[in-house]
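In: sharing a sequence plus its predicted fold:
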Amino acid sequence: MDGARKVSVGSIDCWLLSDGTNLYPREALFSNVPPEELEPAVRGYVDESGMVPSTYHCLLVRSGDRLALIDSGLGDLAGPDAPVGKLQASLREAGVGPADVDVVVVSHGHPDHIGGLTVERDGARAPTYGRARHYLWKSEWEFWTSPDLGDLPEMMQGAARMTFPVLAEAGLIETVAEETDVLPGVRLLPAPGHTPGHAVVAITSGGEGLLYIADAVVHELDFEHPEWLSAFDAIPDLTVQTRRRLLDRAAREGSPIVAFHVGYGRVTQAKGAYRFEP
Ligand SMILES: [Zn+2]
């Protein structure tokens, strides 16, 4: 896809910003699916090495004269030559620099969503969006800043440890525990399951809507198979319950969604499951 694709929601302008494409083992994206069921379904989605490509999509939103960025991609955690971590180039394509961003929304604390929130500067980490208030759900903040992250993979623990203290130190963190408008028409909603305080964003203006569902689904196959889980879904039952609630809403309202790992499209209901139309 293009680095920056503009869509309008009433009087609010949005840009779907590519952070690039990453590759996942199928067992990571579909961890509770028996191989005999998974293999035929995933066949059309794997690359020649047997990995599943996942495109990363952040969202930039202009409400009035203020800008909100939703999720930050992998940032420099990806390494300089990786095909991912490209958000800054996509932001430039939209004509925006880091200092223009007023609000950052952090859907959850996984590396692909927070890696770009800080950058290496003079040998230390510094906020990328140094002027922006950074919103996230309170329980998500408490989870990732707790002293013991248990047996979570080191990559996940490390990303949180190198990011959240820097933002707190700079006084940029805003935690919320109820539905909150971060800008007019841009509302943060709870969507727990994928992580304890996973949150999504509803954008509404002039009778139109757009629902950014973050990682409530992590692959296009999750629409057709809403019970399928990834290895990254922290609370299985709640993941499925939240996914159904959000996809039911999107289908009912008929307005488009953006899923971080899938992109922009519309959702319809189909025999107890869903269909995604890019
Ligand atoms: Zn993700």
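Out: Done, it's in.
In: for the stretch 151-278 of the chain, just list every one of the helices.
Out: 154-169, 221-224, 236-253 (DSSP state H, counting those that start in this stretch).
In: the ones you listed: which one's closest to the ion?
Out: The ion sits nearest to helix 154-169 of all the helices of the stretch 151-278 of the chain, at 10.8 Å, using Cβ to the ion. Quick note: C-beta positions are derived from backbone N, CA and C, even for glycine.
In: buried residues in the closest one?
Out: 156-157, 159-160, 162-164, 166-167 (16 or more other Cβ atoms under 10 Å).
In: same thing with stretch 78-88?
Out: Within stretch 78-88, the residues scored as buried using 16+ other Cβ under 10 Å are 78, 84-88.
In: next: stretch 91-109.
Out: Across stretch 91-109, burial judged by 16+ other Cβ under 10 Å covers 91, 93-94, 96, 98, 100-109.
In: now, which of the buried residues of helix 154-169 sits nearest Val186?
Out: Leu167 (19.7 Å; Cβ to Cβ).
In: show me the contacts for that closest one.
Out: Neighbouring residues of Leu167 by Cβ atoms under 8 Å, 6 or more residues apart in numbering: 117-118, 127, 134, 173.
In: which one of the buried residues of stretch 91-109 is nearest Thr239?
Out: Checking the buried residues of stretch 91-109 against Thr239 with Cβ to Cβ, the nearest one is His108 at 11.7 Å.
In: look up how far the ion lies from the closest one.
Out: 8 Å (Cβ to the ion, to the nearest Å).
In: that residue contacts Thr195, doesn't it?
Out: Yes: contact criterion Cβ atoms under 8 Å: His108 and Thr195 qualify, at 4.2 Å.
In: pLDDT below threshold where in the stretch 101-250 of the chain?
Out: Residues of the stretch 101-250 of the chain meeting the criterion pLDDT under 70: none.
In: where exactly do the strands run in it?
Out: Counting by DSSP state E, counting those that start in this stretch, the stretch 101-250 of the chain has strands at residues 103-105, 118-121, 124-127, 133-137, 173-176, 180-183, 186-190, 199-205, 208-214.
In: what's in contact with stretch 76-85?
Out: By Cβ under 8 Å, 6+ apart, the residues outside stretch 76-85 that reach it are 19-22, 56, 73-75, 111-112, 115-116, 119-120, 159.
In: ok, of these, which come out buried?
Out: Buried members of these, scored by 16+ other Cβ under 10 Å, are 19-20, 22, 56, 73-75, 111-112, 115-116, 119, 159.
In: tell me which two of these sit farthest apart.
Out: Asn22 and Val119 (19.4 Å).
In: follow-up on the earlier one: so which of the buried ones among the contacts of stretch 76-85 also contact the ion?
Out: Among the buried ones among the contacts of stretch 76-85, the ones lying near the ion by Cβ under 5 Å from the ion are Asp112.
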